[in-house]
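A.B. asks: Generate coordinates for the sequence data below:
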Amino acid sequence: MPVPATIDHSVRTYSLAHAYWLARASDLAYKDEATIEKQAHDWGFDRVRHHRTRFTPPFPLEDTQAYTMASDRMVITAFRGTEPAQIRDWLSDATTPPWPGPAKTGYVHYGFAQALESIFPTVKDTLEEFRTNGQSLWFTGHSLGGALAMLAGARLYLEDPRQLADGIYTFGQPRTCDRLLAAAYDKGFKQRMVRFVNNNDIVPQMPPEPAFTHVEALRYIDSAGKIRESMSFSAGLVDRAKGLTADAFAPASDGMKDHFIRKYIAALEKNLA
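C.D. replies: Numbers count the residues shown, from 1 in each chain. A predicted model of the protein is given here:
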């Protein structure tokens, strides 16, 4: 299947092509507002709203950014991530306190919850304004943006079950919540959530277990760049070892290199070829 020329606004269920375009939308979240608006219009979205807020949490993170683009058939909200080294530093802090999950369901990472709290009201208001024609609704993001996309979808749905997103696709998402919220999420978003992890990407391995865990619906990108819907634990260990030895000069850097959004986009494009 060749890479489609642009986003298919009629999509309602999972497809690899749509995953590719949501990865592109996640990458776009890192760009400036003018670039976002131009690209969104080129993709067929006639409305764009930027979301940005600054705050002072007990972490290096200083702001949250996202954008929402809408057409008469589709609405996408994409959350921006952060620099790999920065997110690694504060995700590795095991003393981070928990924050009550959406609708008091379980707990989430304090930093993620505070970041989402700072921006969620404007996102929700925008969705109410833009989504007036039964459009499909999608959340996406890379790295920190993936955690925020997952939590935004959970909060919207758990606080109002009528607001169930058609899909949430994340790339290099860290562990975000406890097992109670993960279980509720897996039930509510069955066949709607897709979490991509690229080989040795270090960020999905943090924060530490067992306090935090992942939701299901994993799509694993192996060391050869092939997307797998399932892989045994032992096979996964072998494949990660292959990834570590692929760069004989800097094996320790593999976990950081595998995290970059361009790696995810390249893998999705390769699997579409």
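
A.B. asks: residue ranges for the strands of the stretch 151-273 of the chain, please.
C.D. replies: 167-171, 193-198, 218-221, 227-228 (DSSP state E, counting those that start in this stretch).

A.B. asks: would JSON lines of those strands with distance to D160 be doable?
C.D. replies: For every residue, glycine as well, the C-beta is placed using N, CA and C. What follows is the strands of the stretch 151-273 of the chain, written out as JSON lines (distance: least, C-beta to C-beta, whole Å):
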{"stretch": "strand 167-171", "distance to D160": "16"}
{"stretch": "strand 193-198", "distance to D160": "18"}
{"stretch": "strand 218-221", "distance to D160": "27"}
{"stretch": "strand 227-228", "distance to D160": "33"}
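
A.B. asks: Comparing those, which comes out most buried?
C.D. replies: Scoring those by mean neighbour count under mean count of other C-beta atoms under 10 Å gives strand 167-171 as the most buried, with a mean of 30.

A.B. asks: Show residues contacting that strand.
C.D. replies: Outside strand 167-171, the residues that touch it by C-beta atoms under 8 Å, 6 or more residues apart in numbering are 13-14, 18-19, 22-23, 26, 136, 138-143, 145-147, 149-150, 153, 189, 192-196, 198, 261, 264.

A.B. asks: In TSV, list the strands of the stretch 151-273 of the chain along with distance to K38 and mean pLDDT.
C.D. replies: Listed next are those as TSV, based on distance: least, C-beta to C-beta, whole Å; pLDDT from 0 to 100:
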stretch	distance to K38	mean pLDDT
strand 167-171	23	98
strand 193-198	26	96
strand 218-221	29	94
strand 227-228	30	92
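
A.B. asks: Let me know which of these is the nearest to E117.
C.D. replies: Ranking the strands of the stretch 151-273 of the chain by proximity to E117 (C-beta to C-beta) places strand 167-171 first, at 18.4 Å.

A.B. asks: so how far is the closest one off the chain centroid?
C.D. replies: For strand 167-171, the separation from the chain centroid amounts to 5 Å (computed by C-alpha atoms, centre = their mean, to the nearest Å).

A.B. asks: quick one: contacts for T105?
C.D. replies: Per C-beta under 8 Å, 6+ apart, neighbours of T105: A154, L158, L180, L181, A184.

A.B. asks: and it, what pLDDT?
C.D. replies: pLDDT for T105: 93.

A.B. asks: gap between it and A5?
C.D. replies: 41 Å (C-beta to C-beta, to the nearest Å).

A.B. asks: next one: L144
C.D. replies: In terms of C-beta to C-beta, L144 sits 30 Å off from A5.

A.B. asks: quick one, which of those two is more surrounded?
C.D. replies: L144 (27 against 6; other C-beta atoms under 10 Å).

A.B. asks: could you pull out the helices for this protein?
C.D. replies: For the chain, the helices defined by DSSP state H cover 16-28, 33-42, 84-91, 110-117, 120-130, 144-159, 179-188, 233-246, 254-257, 261-272.
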